[in-house]
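> Generate coordinates for the sequence data below:
(chains A and B)
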Amino acid sequence: ILNVEQSPQSLHVQEGDSTNFTCSFPSSNFYALHWYRWETAKSPEALFVMTLNGDEKKKGRISATLNTKEGYSYLYIKGSQPEDSATYLCAFGSMNTGFQKLVFGTGTRLLVSP
Amino acid sequence: EAGVTQFPSHSVIEKGQTVTLRCDPISGHDNLYWYRRVMGKEIKFLLHFVKESKQDESGMPNNRFLAERTGGTYSTLKVQPAELEDSGVYFCASSQERGWTDTQYFGPGTRLTVL
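Coordinates of the predicted model:
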């Protein structure tokens, strides 16, 4: 069974704080790691697709790093804003899961207070 | 460009009834996926179409679930008869290319409640 673990489960920060979350995944036969931002009742929004060990991607105030050898990815938000409040999901693809079946973590729920 | 759309947004049915969910992928996307999120748990893969063909249906829970994609455009997911444990949010996603690295674009989901 392939499990993707995300921590923390939830996080409450003040506006302006920087924060980070962790996604842990099996390191064997790794192929890709996806990050999504999801607000309830809306479509999960794709943030990053990461494939290379040591990769770092950035989108505005959000960035992510990837370590495929030890099986983890970090997502960072710099200067959190209330509109960043959402659930952040990571999803893992590997040879073991087959083709494009993504295995998701349960997410980190972020609440940013003004 | 329109994103992935799903209909209905909510459905409340009684145990034993039938429900059909619809997904319209992004135009030109050959790959279409169904996922499901049961309350409090992770989003789980159900199946993957490439055009009208089922590429992988290993996540379908049982034979009460039937997915179709006639003509390789929109897809339907029918649950018949529905059981209480089928409640959850059913997501559809689409992608252009076939590979783990291609972004899967998600719809807003259909929230199914079985009473």
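> What is the neighbour count of the closest residue to A:N53 other than its chain neighbours?
Leaving aside its sequence neighbours, A:N53 sits nearest to A:T68 (CB to CB, 6 or more residues apart in numbering or on different chains; 4.2 Å). (Glycine included, C-beta is placed from N, CA and C.) Using other CB atoms under 10 Å in any protein chain shown, A:T68 has 20 neighbouring residues.
> show me the contacts for A:T68.
Going by CB atoms under 8 Å, 6 or more residues apart in numbering or on different chains, A:T68 touches A:27, A:30, A:33, A:52-53.
> Give the residue spans of chain A that score low on pLDDT.
Counting by pLDDT under 70, chain A has low-confidence residues at A:1-2, A:96-99.
> can you map out the strands along it?
Secondary structure of chain A (DSSP state E): strands located at A:5-7, A:10-14, A:19-24, A:30-38, A:45-50, A:56-59, A:62-67, A:72-77, A:86-94, A:103-104, A:108-113.
> will you turn those into CSV that also has distance to B:T73 and mean neighbour count?
Shown next, in CSV, are the strands of chain A (distance: least, CB to CB, whole Å; neighbours: other CB atoms under 10 Å in any protein chain shown):
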stretch, distance to B:T73, mean neighbour count
strand A:5-7, 34, 16
strand A:10-14, 39, 13
strand A:19-24, 34, 19
strand A:30-38, 25, 22
strand A:45-50, 22, 19
strand A:56-59, 31, 13
strand A:62-67, 34, 19
strand A:72-77, 34, 19
strand A:86-94, 25, 24
strand A:103-104, 26, 22
strand A:108-113, 35, 18
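> Of those strands, give the one that comes closest to B:L77.
Among these, the nearest to B:L77 by CB to CB is strand A:103-104 (18.2 Å).
> Show me what that closest one is in contact with.
A:2-4, A:25, A:89-93, A:97, B:35, B:42-45.
> Partner strands of it, with direction?
Strand A:103-104 pairs in its sheet with strand A:86-94 (antiparallel), by DSSP bridges.
> quick one, the strand it pairs with and strand A:10-14 angle?
Interaxial angle, strand A:86-94 versus strand A:10-14 (axes from the mean of the first three to the mean of the last three CA atoms, to 10 degrees): 130 degrees.
> Contacts for strand A:86-94, please.
Contact partners of strand A:86-94, identified using CB under 8 Å, 6+ apart, comprise A:2, A:4, A:6, A:21, A:23, A:25-26, A:28-40, A:44, A:47, A:73, A:75, A:100-105, A:107-110, B:43, B:100.
> Downstream of the lowest-mean-pLDDT helix or strand in chain B, the next helix or strand is which one?
Using mean pLDDT, DSSP states H and E, strand B:53-56 stands out as the lowest-scoring helix or strand of chain B, at a mean of 90. Sequence order places strand B:65-68 as the next helix or strand after strand B:53-56, per DSSP states H and E.
> Good, wrapping up.
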